[in-house]
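*Asks:* please work out how this folds:
(one chain, ligands or ions: 2)
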Amino acid sequence: MPICSSWWIPISALCVIFVGIFVSRLSDDFKVEIFIWQTPPKYENELRRNKALANEEILMKGDILGPESIVVEGEMFYTGTMDGKLLRVEKDGLKKKILKTNLTPSIILGIRRLNKNYFVAIDMFNGIFIVNFDTGEVKLLLQTGTNINGFQINIPNDLDILDENTIFFSDVSSRWDTSHFSYCALESGFTGRVYKYQISTQELELVLDKIFCANGIQILPDRQSFLVSEMCAARVTKYYFTGPQKGHREIFVDNLPGYPDNIRLSNTGTVYVPMGGVRHPDMSSYIEILGPYSWLRRMIMQIIPVKWLNSWVYNQLFSIKYGLVLEYALNGTLLRSLHDPCGVAHKISQVTDDGTNLYLGSFENDFIVKVNKTEMERKLLTKEDTNL
Ligand SMILES: *[C@@H]1O[C@H](CO)[C@@H](O)[C@H](O)[C@H]1NC(C)=O
Ligand SMILES: *[C@@H]1O[C@H](CO)[C@@H](O)[C@H](O)[C@H]1NC(C)=O
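*Replies:* Numbers count the residues shown, from 1 in each chain. Ligands and ions are numbered 1, 2, ... in the order given. A predicted model of the protein is given here:
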């Protein structure tokens, strides 16, 4: 069939050229970098398994959806949820006041007290809100998607308060918004940022960039430095934003046994780093295995729809049902680890300490875990519990 074959050659050549152009055009959208994860640490020494967080009291079961971040004061706790609710709840979990952002979707990932009357809450889809639980006021301060002097706010995640006028907050990525969050992990790019926002002047200032999935942020008691979770890199970075060491950046802790979420100070001046997701101590996730193969990750991103990648990456990061929190001294020494091997407390996104109890938040669970600290200390001392 001479006619057919003479047509076939130029058409397939054209096809190859088109596919080539298509692929190379797509390639420009991704900035894929190589990142090598170390083998996750074994559960030994300070990381030895225990039941410190197991069999604890469950608050508000089924009444609340994804209380990622919690503030506890006296008889009240305050939290925000993955369905855009802001709650003030008496500690028994019964009496509550519920405010709403009135936006969908709306996922509250961080909450802090700003001053006597106001809280500040951060919503990954909508931005930073100022909240007054007494008057019911919920006001948007800084909207997600806003571009100020070339800085685009994409996935605001957690925040801390320097003074009544100054908020530090993290943005997961300067390149992708929430609907493309899997690309942040798959590019292995250092595109996360920490910003400083002045409420009175609405000024936005870039404080720190080149963070791999910026997540939890905690200003340290020296008021000169903060810790920020580099979630996908399984590490925490420390940065001096003022004082004699201004501009100095260091790794606070590396190769964590999981992916760190909201960092908070304990009542005794130590640091709680919760593992939002846990890394399997004997088995690397596919994301980590693909770390050295940037070309393969690029291809995966080009071929597979982002919706599927989002749920795949989410599962890779968060599917292990195990509760784990690490407690550090301010100098970065690991003091101890708190476990729930049964995994009732899992996907722990924050630990809030009121001196008597710990309250464990989660970005997905429909409850808050309340841990009696006296009981917890007893469990940590009990021999049979540590010989799991
Ligand atoms: C870090 O702090 C802890 C607790 O305060 C202390 O026991 C330890 O010796 C310190 N380590 C270093 C290297 O300074
Ligand atoms: C915590 O547990 C201890 C020991 O079981 C108990 O005496 C104490 O009342 C508990 N505290 C709270 C606040 O429930």
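*Asks:* the nearest residue to residue 161 once chain neighbours are set aside pairs with what?
*Replies:* Of all residues not flanking residue 161 in the chain, residue 112 sits nearest, at 5.1 Å (Cβ to Cβ, 6 or more residues apart in numbering). Bear in mind the C-beta positions are built from the backbone N, C-alpha and C, glycine included. For residue 112, the beta-bridge partners are residue 120 (DSSP bridges).
*Asks:* in the chain, where is pLDDT below threshold?
*Replies:* By pLDDT under 70, the low-scoring segments of the chain are 1-8, 10, 13, 15-28, 383-388.
*Asks:* what's opposite the residue of it found nearest ligand 2 in the beta bridge?
*Replies:* Of the residues in the chain, the one nearest ligand 2 is residue 372, at a distance of 3.7 Å by Cβ to the nearest ligand atom. Beta-bridge pairing for residue 372 (DSSP bridges): residue 357.
*Asks:* which residues sit in contact with it?
*Replies:* By Cβ atoms under 8 Å, 6 or more residues apart in numbering, residue 372 lies in contact with 56-57, 356-357.
*Asks:* hmm, which two among those residues are most spread apart?
*Replies:* Pairwise distances across those peak at 13.2 Å for 56 and 356 (criterion: Cβ to Cβ).
*Asks:* those two: who's more crowded?
*Replies:* residue 56 (22 against 13; other Cβ atoms under 10 Å).
*Asks:* look up how far residue 48 lies from the more buried one.
*Replies:* Separation of residue 56 from residue 48 (Cβ to Cβ, to the nearest Å): 19 Å.
*Asks:* enumerate the residues of the stretch 101-250 of the chain near ligand 2.
*Replies:* On the criterion Cβ under 6 Å from any ligand atom, ligand 2 has no neighbours in the stretch 101-250 of the chain.
*Asks:* and the stretch 201-350 of the chain, which of its residues are near ligand 1?
*Replies:* Contact residues (Cβ under 6 Å from any ligand atom) of the stretch 201-350 of the chain with ligand 1: 329, 331, 333.
*Asks:* let's see that with 8 Å instead.
*Replies:* Neighbours of ligand 1 within the stretch 201-350 of the chain, by Cβ under 8 Å from any ligand atom: 329-333, 335.
*Asks:* in TSV: these, plus secondary structure.
*Replies:* Formatted as TSV, these follow (DSSP: H, G, I helix; E, B strand; the rest coil):
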residue	secondary structure
329	coil
330	coil
331	coil
332	coil
333	coil
335	strand
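*Asks:* quick check: which element contains the residue of the stretch 51-200 of the chain found nearest ligand 1?
*Replies:* In the stretch 51-200 of the chain, the residue found nearest to ligand 1 is residue 52; the distance is 18.9 Å by Cβ to the nearest ligand atom. If you go by DSSP states H and E, residue 52 is not part of any helix or strand.
*Asks:* pretty sure it sits against residue 376.
*Replies:* Yes: judged on Cβ atoms under 8 Å, residue 52 makes contact with residue 376 at a distance of 4.9 Å.
*Asks:* so what sits against both of the two?
*Replies:* With Cβ under 8 Å, 6+ apart as the test, residue 52 and residue 376 both reach residue 338.
*Asks:* give me the more crowded residue out of those two.
*Replies:* residue 52 (26 against 19).
*Asks:* how much space between that one and residue 345?
*Replies:* On the measure of Cβ to Cβ, residue 52 and residue 345 end up 10 Å apart.
*Asks:* then residue 130 would be within a helix, right?
*Replies:* No: secondary structure of residue 130 (three-state DSSP): strand, not part of a helix.
*Asks:* quick check: beta-bridge partners of it?
*Replies:* Beta-bridge partners of residue 130, as defined by DSSP bridges: residue 120, residue 139.
*Asks:* what's the local residue count around it?
*Replies:* 19.
*Asks:* ok, it - contacts?
*Replies:* 114, 118-120, 137-139, 141, 199.
*Asks:* now the residues you listed: which count as buried?
*Replies:* 114, 118-120, 138, 199 (16 or more other Cβ atoms under 10 Å).
*Asks:* now for these: which two are most distant?
*Replies:* Among these, 138 and 199 lie farthest apart (Cβ to Cβ), at 15.3 Å.
*Asks:* where along the stretch 201-350 of the chain do the strands fall?
*Replies:* Under the criterion DSSP state E, counting those that start in this stretch, the stretch 201-350 of the chain contains strands at 204-211, 214-219, 225-230, 235-240, 249-253, 258-260, 264-265, 271-278, 323-328, 334-340, 348-353.
*Asks:* for the third one, name the packing helices and strands.
*Replies:* Other helices and strands packing on strand 225-230, by 3 or more Cβ pairs under 8 Å, 6 or more residues apart in numbering; DSSP states H and E, are strand 166-171, strand 192-198, strand 204-211, strand 214-219, strand 235-240.
*Asks:* okay, these in TSV with mean neighbour count next?
*Replies:* Formatted as TSV, the helices and strands packed on strand 225-230 follow (neighbours: other Cβ atoms under 10 Å):
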stretch	mean neighbour count
strand 166-171	24
strand 192-198	22
strand 204-211	18
strand 214-219	25
strand 235-240	21
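*Asks:* out of the ones you listed, which is closest to residue 314?
*Replies:* strand 214-219 (14.2 Å).
*Asks:* now the angle from the closest one to strand 204-211?
*Replies:* Angle between the axes of strand 214-219 and strand 204-211 is 120 degrees (criterion: axes from the mean of the first three to the mean of the last three Cα atoms, to 10 degrees).
*Asks:* which ones are touching the residue of the stretch 151-300 of the chain found nearest ligand 1?
*Replies:* Ligand 1 sits closest to residue 270 of the stretch 151-300 of the chain, with a gap of 8.0 Å, by Cβ to the nearest ligand atom. Residues in contact with residue 270 (Cβ under 8 Å, 6+ apart) are 327-330, 335.
*Asks:* among the residues you listed, which pair sits farthest apart?
*Replies:* Top of the distance list for the contacts of residue 270 (Cβ to Cβ): 327 and 330, 11.3 Å.
*Asks:* overlap in contacts of these two?
*Replies:* Among the neighbours of residue 327, those also in contact with residue 330 (Cβ under 8 Å, 6+ apart) are 270-271.
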